[in-house]
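>>> Model the following, please.
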Amino acid sequence: MNSSWDDLRIFLTLARDGTLTTAAKSLGVSHPTVARRVRALEQRTGARLFDRLSDRFVPTSAGEKLLGDVKSMEQAALSIDRHSATLGDTVSGVVRLSAGEEISALLARHLPGLRARLSQIEFELSATHTALNLSRREADLLIRDQVPDLADIVARKLGRTAYAIYAHPSLAVARLTPASFKTVSWIGFDDDHTRMPGQRWLQERLDGGRPAIRCNNWLVVRETARAGGGFAVLPCYLGDADDRLQRIGGPIAEVFADQWLLVHRDLRALPRVRAVMDAVIELFQRERALLAGRA
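This is a model prediction of the structure:
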């Protein structure tokens, strides 16, 4: 069998995604292209590689055998891609940085300064909580509040972020006493995002109740609070910098998040990646007071 890596990559993606539609979307090709290339691969191998079920494609026993070899090929190709990226010695090119929407908002305030300092670097900032794959170079750098248990990932702690209660100044903040805590309107996250800092703390004080307004994004929570929709637990670096929000009390001692800068070990010495890493580390050190709610 003499198959190109492109055909094998399509086979691998379909095995992972399970449907022609999702595989085509992942690969950036058309639905018929995936089907045609898989059929051609089956003809060359002389084996049926997938069982076509009503809702998905499932690898056959022959497909499973091929899948193991193709996964090894993918790892080798990704390793070549990462190592080839480190052959240059100039601080220039594109650096893809991913963070949650709340940290991305903080970074966005400083992107002009970062660009002025690193004028030869193009920044791609992806605001998402999705677990992007550093091995596949879906991003060069991640900022996350947890460190994945992966051997090839190098982590550097950036600092700890504090959280507090915020509301629009027009609200009667004096009413927020322990007795009135359950009677005021709260803004928080929906059931799929209760892991967000402060949400368990809030639910405990509402005796298991849920906020009256629920969102899935920190910036939407902040906008709703700015509009007078109720009280919200927010990162201090989002709330303190907003003159349409008033903090009620100090940072909540039990609510915090450690922020980590993650990079694949094969890319940490790449000059442009190293330059952005150093700049991000310096930024978080410079903004320690804001992150800790002491600004």
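
>>> what helix or strand is the closest residue to Leu141 other than its chain neighbours on?
Nearest residue to Leu141, sequence neighbours excluded (Cβ to Cβ, 6 or more residues apart in numbering): Leu97, at 4.8 Å. Every C-beta, even on glycine, is put in place using the N, C-alpha and C of the backbone. Assigned by DSSP states H and E, Leu97 falls within strand 93-99.

>>> Can I get that strand in CSV, CA atoms only?
Presented in CSV, the C-alpha positions along strand 93-99 are these (Å, rounded to 0.1, in the frame of the first residue of the first chain):
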residue,chain,number,x,y,z
GLY,A,93,6.6,35.4,13.4
VAL,A,94,3.2,34.4,14.8
VAL,A,95,2.6,33.4,18.4
ARG,A,96,-0.8,31.9,19.2
LEU,A,97,-1.8,32.6,22.8
SER,A,98,-5.0,31.1,24.4
ALA,A,99,-6.7,32.1,27.6
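
>>> Give the buried residues for that strand.
By neighbour count on 16 or more other Cβ atoms under 10 Å, the buried set for strand 93-99 is 95-99.

>>> Could you check how many residues crowd around the nearest residue to Phe231 once chain neighbours are set aside?
Nearest residue to Phe231, sequence neighbours excluded (Cβ to Cβ, 6+ apart): Ala167, at 4.6 Å. Ala167 has 26 neighbours, counted by other Cβ atoms under 10 Å.

>>> tell me which residues form a beta bridge with Ala167?
Gln246 (DSSP bridges).

>>> Distance-wise, check it relative to Gly63.
As for Ala167, its distance to Gly63 is 57 Å (criterion: Cβ to Cβ, to the nearest Å).

>>> What is the least confident helix or strand in the chain?
helix 61-85 (a mean of 72; mean pLDDT, DSSP states H and E).

>>> which SS state does the closest residue to Gly100 other than its chain neighbours fall under?
Distances taken as Cβ to Cβ, 6+ apart place His129 nearest to Gly100, at 5.1 Å, with adjacent residues excluded. Three-state call for His129 (DSSP: H, G, I helix; E, B strand; the rest coil): coil.

>>> Glu138 too?
coil.

>>> who touches it in this structure?
96, 98, 132 (Cβ atoms under 8 Å, 6 or more residues apart in numbering).

>>> Give me the pLDDT for it.
For Glu138, the model assigns a pLDDT of 88.

>>> cool, and Leu118?
Reported pLDDT for Leu118: 94.

>>> And the contacts of the helix or strand containing Glu223?
For Glu223, the host element (DSSP H and E) is helix 218-226. Here helix 218-226 makes contact (Cβ under 8 Å, 6+ apart) with 100-102, 105, 166-168, 187-189, 196, 213, 215, 230-232, 234-235, 238-239, 242, 244-245.

>>> same deal with stretch 170-187?
Against stretch 170-187 from outside (Cβ under 8 Å, 6+ apart): 165, 167, 202, 205-207, 209, 211-215, 221, 224-225, 228-232, 246, 248.

>>> one more time with 10 Å
Applying Cβ atoms under 10 Å, 6 or more residues apart in numbering, the external contacts of stretch 170-187 come out as 165-167, 202-203, 205-207, 209-215, 220-225, 227-234, 244, 246-249.

>>> Just the buried residues of the helix holding Glu223, please?
Counting neighbours by 16+ other Cβ under 10 Å, one finds that the buried residues in helix 218-226 are 218, 221-222, 224-226.

>>> Output those residues as TSV; include the columns distance to Phe57.
Output for the buried residues of helix 218-226, formatted as TSV (distance: Cβ to Cβ, whole Å):
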residue	distance to Phe57
Trp218	37
Val221	39
Arg222	42
Thr224	42
Ala225	46
Arg226	47
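
>>> what ranges do the helices span in this protein?
Ranges of helices in the chain, per DSSP state H, are 5-17, 20-27, 31-45, 61-85, 101-117, 199-205, 218-226, 236-239, 271-286, 288-291.
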